[in-house]
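In: with the input below, show me the fold.
(2 chains)
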Amino acid sequence: MSARVKDPYQRVSQALNRTLLHLILVGGAVTMVMPFVWMLSSSLKTNLEVFHIPPTFIPTVPQWHNYVDIFKVVPYGRWFLNSVIIAVTQTVLYLFVASLAGFTFARMRFPGREAIFTLYLATLMVPGQVTLIPKFLLMKQLHLINTYAAVILPGIFNAYGVFLLRQFLMTLPDSLEEAAILDGASYFRIYWNIILPLAGPALATLGLFGFMGAWNDFLWPLIVINSDHMKPLSVGLASFHGLYETNWPYLMAASTVALVPIILIFTAAQKYFVQGIALTGLKEG
Amino acid sequence: MGKGLSTLRRSSLWQKLKWPTLGKGTERSQALWAYTFLSLSVLGLFIFTILPIIAAFGLSFVKWTLLSPPKWAGLSNFQRLLNDKYFWNALKNTFYYVIGVMPGIAISLLLAVILNQKLRFTTLYRTLYYLPTITMWTAIALVWRWLYSPQYGLVNWALGLIGIHGPAWLSDPHWAMPAQIFTSWWKGAGYNMVILLAGLQGIPQIYYEAASIDGANWWQRFRHVTLPLLTPTIYFVVVMTFIGSFGVFAQIYIMTEGGPGQATTTIIYYLYNNAFKYFEIGYADVLAIAFFVIVFTFTVIQTQLQKRWVHYT
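Out: Next up is the predicted model:
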């Protein structure tokens, strides 16, 4: 076969292939996005139109007031605030505890280092569900049921963050702190002024996943919070569903608002999300 | 330890938070500082993880309903577990769910392989596929509950367009679990896809060039180059998916509440009911132990099996 005959054939078959691949990708994308479209569309309908067959994708008259109503029929604003407080506090404390411990394991020498670190790793072998009941009893004993502290505390000390930051900090060159030590800087200053700024990308990734995990977490807050005003959004939504079982416009509006912060953060910091799971296989919750 | 503390007090470190940089004291004070830095983390790990792990084993020997004081129960909780048909049912459902979720990895692999082809709009596709992964299960489960609505849901409407009369999904004992599984495919596809994509991008181009020179077509290249070199990533994804889906809870709680009947009651859902609805603390704790033993055993088995099919370069 001469090159002149082969070329157009190849070009056509390549174009066909590419079209087929794009068709698969578009099909996948539609499947992924459709539930969100349906959620958004339902959230703007009346409680009558939502049951219309065939379904209308664009509401005849958008019911924007659904988004106001949900703040009135349930303490939605309070739930949202609770979620913000819980997720932000937990993330900040998690980053501090994990980075200080990760720094110590990676950059300092002391007897028992390997043994203690092995203990940290060992705890990662036990899934969180195993310790749900003892942790609940502990919170009850400490009279922390229905407090932010009960929701926040256990997540702060997750060994995963320590492990991840240790691995990251070990890759930095030793020469970094030598000058600082000669200048007589304290170890805390080395951690705070030299190492932490360099750990930026790792901290951003861990922080994003920590925030996402805290925002989306359901089982643990469900167990330690039962007062309506202390619920985070995830638990609040579940009880909203119990109250307004068939009011889909309200439920979909409430779901939409609950997803907005995470989607915004994701769009802004997508790079870190992709880097994060690609490098470490971090998973929510 | 007492000696260490007195050394700490005698040293000038308490007065000025400065580091004696040279001399004999350096190593000792470095160690003391290290212990100080670790103290908060170790204390937290001990209180909120290690102590609860120990307690989880201890509580399994106790009969306790929270209303009356705990009583030693020996192995009776374990006996009860073995004779509890609801436990075996929950175990069966959990395995049904976990095995059902696994083929979703193939979808992720297909998407990852296509996205690795340097087509246009790759970033956009990746973002869209990843969207379900980052969202809150509670909200997503509500949306899918509505999508699966027998009469007014989008799923049955779409099936109706191609002449299929869809089942009642979540309220049909035979279809409730498949519906849960499909939702999990939808939610998890993007996560596994990104990991697999990273694995694909780590395969050196030179292998593909060598295969092309040998005249391998795209299937042969996939089968004999991509797949073997991707096995470490696939192994990771399989283990993570397994552990993750064995603990399935939120979507069950919202979408089917373990029903209809007991059709979607999984281990953790059953544990939750026992502990926080019936306050059977001891028995629920045995369920937690059973959960741990099963997950641990399967992880060990998979670690052994991987030697047969995972290729490390």
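In: show me the helices in the stretch 51-200 of chain A, by range?
Out: Here the stretch 51-200 of chain A has its helices, by DSSP state H, counting those that start in this stretch, at A:66-73, A:76-107, A:113-123, A:132-141, A:148-156, A:159-170, A:175-182, A:187-189, A:196-198, A:200-216.
In: rank these by pLDDT, which is bottom?
Out: Here the lowest mean pLDDT among the helices of the stretch 51-200 of chain A goes to helix A:175-182, at a mean of 78.
In: now for whatever residue of the stretch 151-300 of chain B ends up closest to chain A, how many residues are close by?
Out: Closest contact between the stretch 151-300 of chain B and chain A, by C-beta to the nearest C-beta, is at B:Ala198 (3.5 Å). The C-beta positions use only the backbone N, C-alpha and C, and glycine is treated the same way. Neighbours of B:Ala198 under the rule other C-beta atoms under 10 Å in any protein chain shown: 17.
In: can you check A:Asn226 too?
Out: 14.
In: show me which helix runs longest in chain A.
Out: helix A:3-43 (DSSP state H).
In: so that helix versus helix A:66-73, what angle?
Out: 40 degrees (axes from the mean of the first three to the mean of the last three C-alpha atoms, to 10 degrees).
In: ok, back up a step: need the helices of the stretch 51-200 of chain A in JSON lines (columns: mean neighbour count and distance to B:Pro132).
Out: Formatted as JSON lines, those follow (neighbours: other C-beta atoms under 10 Å in any protein chain shown; distance: least, C-beta to C-beta, whole Å):
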{"stretch": "helix A:66-73", "mean neighbour count": "16", "distance to B:Pro132": "22"}
{"stretch": "helix A:76-107", "mean neighbour count": "21", "distance to B:Pro132": "20"}
{"stretch": "helix A:113-123", "mean neighbour count": "15", "distance to B:Pro132": "30"}
{"stretch": "helix A:132-141", "mean neighbour count": "20", "distance to B:Pro132": "26"}
{"stretch": "helix A:148-156", "mean neighbour count": "21", "distance to B:Pro132": "23"}
{"stretch": "helix A:159-170", "mean neighbour count": "21", "distance to B:Pro132": "23"}
{"stretch": "helix A:175-182", "mean neighbour count": "13", "distance to B:Pro132": "40"}
{"stretch": "helix A:187-189", "mean neighbour count": "19", "distance to B:Pro132": "42"}
{"stretch": "helix A:196-198", "mean neighbour count": "14", "distance to B:Pro132": "33"}
{"stretch": "helix A:200-216", "mean neighbour count": "22", "distance to B:Pro132": "12"}
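In: could those go into TSV alongside distance to chain B?
Out: TSV is the format used below for the helices of the stretch 51-200 of chain A (distance: least, C-beta to the nearest C-beta, whole Å):
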stretch	distance to chain B
helix A:66-73	13
helix A:76-107	4
helix A:113-123	5
helix A:132-141	4
helix A:148-156	4
helix A:159-170	6
helix A:175-182	5
helix A:187-189	5
helix A:196-198	13
helix A:200-216	4
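In: looking at those helices, spot the one closest to B:Tyr96.
Out: Nearest of the helices of the stretch 51-200 of chain A to B:Tyr96, taken as C-beta to C-beta: helix A:132-141 at 22.9 Å.
In: off-centre distance for that closest one?
Out: Distance, stretch centre to chain centre, for helix A:132-141: 24 Å (C-alpha atoms, centre = their mean, to the nearest Å).
In: repeat for stretch B:96-106
Out: For stretch B:96-106, the distance to the chain centre is 13 Å (C-alpha atoms, centre = their mean).
In: right, is it up against chain A?
Out: No: residues of stretch B:96-106 contacting chain A under C-beta under 8 Å from any C-beta of the partner chain: none, with a closest distance of 12.4 Å.
In: in that stretch, what's buried?
Out: For stretch B:96-106, the neighbour count (16 or more other C-beta atoms under 10 Å in any protein chain shown) marks B:96-98, B:100-101, B:104-105 as buried.
In: avg pLDDT for it?
Out: Over the span of stretch B:96-106, the pLDDT mean works out to 95.
In: doesn't B:Ala263 belong to a helix?
Out: No: using DSSP: H, G, I helix; E, B strand; the rest coil, the assignment for B:Ala263 is coil, not a helix.
In: so the nearest residue to it once chain neighbours are set aside, which of the three states?
Out: Spatial nearest neighbour of B:Ala263, excluding adjacent residues (C-beta to C-beta, 6 or more residues apart in numbering or on different chains): B:Pro173 at 4.2 Å. Using three-state DSSP, the structure places B:Pro173 in coil.
In: backbone dihedrals for B:Pro173, please?
Out: Note on B:Pro173: backbone dihedrals following degrees, to the nearest 10 are phi -60, psi -30.
In: spatially nearest residue to A:Gly236 (excluding sequence neighbours)?
Out: A:Gly236's closest residue in space is A:Trp79 (C-beta to C-beta, 6+ apart), at 3.6 Å.
In: thought A:Lys231 was touching that neighbour, still the case?
Out: Yes: counting by C-beta atoms under 8 Å, A:Lys231 is a contact partner of A:Trp79 at 5.4 Å.
In: please report how far A:Ala115 lies from A:Thr91.
Out: Applying C-beta to C-beta, to the nearest Å, the value for A:Ala115 to A:Thr91 is 29 Å.
In: B:Val248 now?
Out: Computed as C-beta to C-beta, the B:Val248 to A:Thr91 distance reads 25 Å.
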